[in-house]
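The following comprises the amino acid sequence and a computationally predicted model.
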Amino acid sequence: MLLAAVLLVGAFNIAFAANPFAPHFASLSRDKVYLRQGPGYGYRVLWEYHRRGFPVRVTASYDAWRRIADSDGAVGWVHQTMISDARTVLVVGKGRATARLGDDRKSPPIALLEPGVVARLKACQPSACKVEVDRTGGWIDKKRLWGVNAGEVFE
């Protein structure tokens, strides 16, 4: 009996080590999302979001709840049904961000995006990401985007 318990605990530890939670970016899936102080409906509401698609960083998981952080540094818990795996980014910084035809700074500009614009994330290279807003796509310097890791590269 003791040996079975030791084997069960060992198997659990191996399974947990193989699948640890990894923080990742996601977006809000609803137009109205409550950010709560803790992982449950009984916890106080800290903030109310009113922007479907707004990017967030998921930093922890507890049962059906996810701890998130936003671009302003607000941290709290939301129910998993309020989060989507769809990747979006937020334009940040001062002044308009230039969206270019290619990922090179010498590529011609095609649009200017105001800080606060939420865009769908399509691809990333080392220094720029391709985003889309209102069916128009372009490459923006990563330093002007919140919702993507500095070293993240994907097609």
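Sure, I can see it.

Please make it C-alpha for all contacts and neighbour counts, starting now.
Will do.

Tell me which stretches of the protein form strands.
24-28, 33-36, 45-49, 55-62, 65-69, 75-79, 83-84, 88-91, 97-100, 109-113, 118-124, 128-133, 136-141, 145-146 (DSSP state E).

Take the ones you listed and lay them out in CSV including mean pLDDT.
Below are the strands of the chain laid out as CSV (pLDDT from 0 to 100):
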stretch, mean pLDDT
strand 24-28, 98
strand 33-36, 98
strand 45-49, 98
strand 55-62, 98
strand 65-69, 98
strand 75-79, 98
strand 83-84, 98
strand 88-91, 98
strand 97-100, 98
strand 109-113, 96
strand 118-124, 98
strand 128-133, 98
strand 136-141, 96
strand 145-146, 98
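
residue contacts, K94?
K94 makes contact with P115, according to Cα atoms under 8 Å, 6 or more residues apart in numbering.

To clarify, my last question referred to A111.
Listed by Cα under 8 Å, 6+ apart, the contact set of A111 reads 98-100, 138.

How about T98?
T98 neighbours (Cα under 8 Å, 6+ apart): 109-113, 140.

What subset of the residues you listed is buried?
For those, a burial check counting by 16 or more other Cα atoms under 10 Å picks out 111, 113, 140.

domain ranges for this protein?
The record's domain parsing of the chain by automatic domain parsing lists 21-86, 89-146.
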